[in-house]
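# everything below, folded, please.
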Amino acid sequence: MKYEYYEILEIERNATDGEIKKAYRKKAMEFHPDRNPGNSEAEAKFKKINEAYSVLSDPQKKANYDQFGSAEGFGGGSGGFAADFDMGDIFSQFFGGGFSGGRASRMDLGEDIEIRMSISLEDAIKGTNRKVEYKKRSTCTACSGDGGETETCTACSGNGRVKKQIRTMLGIMEQVVACDACAGKGKLIKKACKMCDATGTTEESISKKIDIPKGIEDGMSIKFRDEGHSGKDGDGDLYITFSVPNKEGGLERKGSHLWYTLSISPAEATLGVEKEITIPILGKKKIKINHGSQQDTEIRFKGEGITPVDHRSTGDLIVKINITIPKKLSAEQKKLYEAILESEGGELKKGWLEEWFGG
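Alright, predicted model coming up:
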């Protein structure tokens with residue numbers, strides 16, 4: 001008697017693909033044999049759950065089941081479980097690839113290439129361009145990547161995949177796997193290519209100029225699609241990962257904001273002043289310091305920080321005040337400070353003051 005697949009997954013007959021997947025994952029996790037060791041009922045239930053999902057997740061089989069109550073390829077009541085589907089597809093999607101042979105493994109894409117590049121904070125703030133040189137394995141032009149003269153693999157009839165009957169905790173299953181004879185390529189090399197020694201690829205030196213956008217951050221990567229190593233089914237990607245310092249020449253980056261510490265004298269902090277300063281990387285800037293400014297006062301310039309790569313709102317430039325106390329004074333300065341001290345009712349202690357001020 002055929003199982004009622006919708007009841008097994010506890011879903012409605014009009015359930016969407018997403019609802020079917022969600023229900024399957026929930027049920028499979030609940031009754032997985034690893035979570036129920038020695039529980040034969042859980043194992044049987046797990047088998048039914050997988051059978052139900054293999055049908056309801058396949059549009060054609062689901063249509064057959066909805067119309068006729070059965071799906072081609074399944075032997076109802078046979079005691080075994082034979083299905084022309086790849087368990088690796090299901091488990092690699094939901095449980096991290098515990099079964100081999102999924103769709104991803106069928107793709108023979110070339111490997112990715114990663115290059116690490118160090119740039120200055122100034123380059124990250126302003127944007128720049130760089131020349132990149134690297135080596136990659138490209139499809140051999142002499143044999144078009146075949147590795148030489150080829151002939152069709154008789155073991156798999158040229159499709160690179162074969163059906164293999166295996167015995168599992170779920171019963172007897174037919175699993176589609178890569179052909180051992182041709183390593184899944186569908187072809188056998190009859191005569192090796194001399195240019196690539198039957199590898200199908202040759203080493204190529206690449207030189208390219210890349211644009212580095214403003215706002216690039218430490219550890220961020222730029223992806224160049226299909227510029228990695230070549231493979232049978234396509235090229236891998238090129239990733240350039242950047243190393244960027246957070247501090248440079250007294251300027252510090254904190255997210256999208258730029259911080260700079262400006263040292264001023266007690267007189268400037270007390271009386272206030274307008275002056276032109278030079279900030280590393282950013283250049284000259286006029287700044288107004290209000291009278292009575294305290295230590296660590298922050299002066300903010302809106303929108304003069306870093307513009308992120310994704311063009312969100314630009315950060316600010318923040319100038320932090322550091323009031324420096326002079327270690328040495330001229331005779332005139334000494335008299336002025338003494339006068340200030342006396343006006344504040346302070347008592348001048350002789351000896352240490354002269355030594356400190358160099359008097």
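
# list the contacts of residue 285.
The contact partners of residue 285, by Cβ atoms under 8 Å, 6 or more residues apart in numbering, come to 276-279, 301. Quick note: C-beta positions are derived from backbone N, CA and C, even for glycine.

# if you set the cut-off to 10 Å instead, what comes out?
Residue 285 makes contact with 260, 275-279, 301, 304, 317, 319, according to Cβ atoms under 10 Å, 6 or more residues apart in numbering.

# and it, what element?
Residue 285 is located in strand 283-289, with elements delineated by DSSP states H and E.

# residues in contact with the helix or strand that that strand is followed by?
The element immediately downstream of strand 283-289 (helix or strand, assigned by DSSP H and E) is strand 298-301. Contacts to strand 298-301, defined as Cβ under 10 Å, 6+ apart, come from residues 257-260, 262, 282, 285, 287-290, 293, 316-321.

# show the buried residues in those.
257-260, 262, 282, 287, 289, 293, 316-319, 321 (16 or more other Cβ atoms under 10 Å).

# which residue packs closest to residue 13, ignoring adjacent ones?
Distances taken as Cβ to Cβ, 6 or more residues apart in numbering put residue 6 closest to residue 13, at 5.5 Å, once the chain neighbours are dropped.

# list phi and psi for that neighbour.
According to degrees, to the nearest 10, the main-chain angles of residue 6 amount to phi -70, psi -40.

# on that earlier part again, so how far is the strand holding residue 285 off the chain centroid?
Computed by Cα atoms, centre = their mean, to the nearest Å, the chain-centroid distance of strand 283-289 equals 39 Å.

# could I have that strand exported to PDB, CA atoms only?
Extracted in PDB, the C-alpha atoms of strand 283-289 (Å, rounded to 0.1, in the frame of the first residue of the first chain):
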ATOM      1  CA  GLY A 283      45.300  68.400   3.500                       C
ATOM      2  CA  LYS A 284      44.700  72.000   4.700                       C
ATOM      3  CA  LYS A 285      41.500  72.800   6.700                       C
ATOM      4  CA  LYS A 286      40.200  75.900   8.500                       C
ATOM      5  CA  ILE A 287      39.000  75.200  12.000                       C
ATOM      6  CA  LYS A 288      37.300  77.200  14.700                       C
ATOM      7  CA  ILE A 289      38.100  76.500  18.300                       C
END
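
# just the mean pLDDT for stretch 229-236, thanks.
Averaging pLDDT along stretch 229-236 gives 88.

# so what touches it?
106-113, 135-140, 145-147, 160, 184-187, 200-204, 225-228, 237-238.

# stretch 143-150 now?
Here stretch 143-150 makes contact (Cβ under 10 Å, 6+ apart) with 108, 138-140, 142, 182, 185-202, 230-232.

# make a ChimeraX selection of the buried ones in these.
To isolate the buried ones among these in ChimeraX, judged by 16+ other Cβ under 10 Å, type:
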select :108,138,139,140,182,185,186,187,188,189,193,196,200,201,202,230,231,232
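
# can you flag which of the contacts of stretch 143-150 belong to strands?
Residues of the contacts of stretch 143-150 located in strands (DSSP state E): 138-139, 187-192, 201-202.

# next, format those as JSON lines and append pLDDT and distance to residue 217.
Formatted as JSON lines, the ones in strands among the contacts of stretch 143-150 follow (pLDDT from 0 to 100; distance: Cβ to Cβ, whole Å):
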{"residue": "138", "pLDDT": "95", "distance to residue 217": "32"}
{"residue": "139", "pLDDT": "93", "distance to residue 217": "35"}
{"residue": "187", "pLDDT": "87", "distance to residue 217": "46"}
{"residue": "188", "pLDDT": "90", "distance to residue 217": "49"}
{"residue": "189", "pLDDT": "89", "distance to residue 217": "47"}
{"residue": "190", "pLDDT": "89", "distance to residue 217": "52"}
{"residue": "191", "pLDDT": "93", "distance to residue 217": "52"}
{"residue": "192", "pLDDT": "93", "distance to residue 217": "47"}
{"residue": "201", "pLDDT": "93", "distance to residue 217": "34"}
{"residue": "202", "pLDDT": "95", "distance to residue 217": "36"}
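
# nearest to residue 65 among those residues?
Nearest to residue 65 among these, counting by Cβ to Cβ, is residue 187 at 37.2 Å.

# check the gap between the nearest residue to the closest one once chain neighbours are set aside and residue 191 for me.
Distances taken as Cβ to Cβ, 6+ apart place residue 150 nearest to residue 187, at 4.1 Å, with adjacent residues excluded. Between residue 150 and residue 191 the distance is 9 Å, computed by Cβ to Cβ, to the nearest Å.

# could you report the neighbour count for residue 134?
Here the number of neighbours of residue 134 (other Cβ atoms under 10 Å) works out to 16.

# hang on, isn't it packed against residue 238?
Yes - using Cβ atoms under 10 Å, residue 134 is in contact with residue 238, at 7.7 Å.
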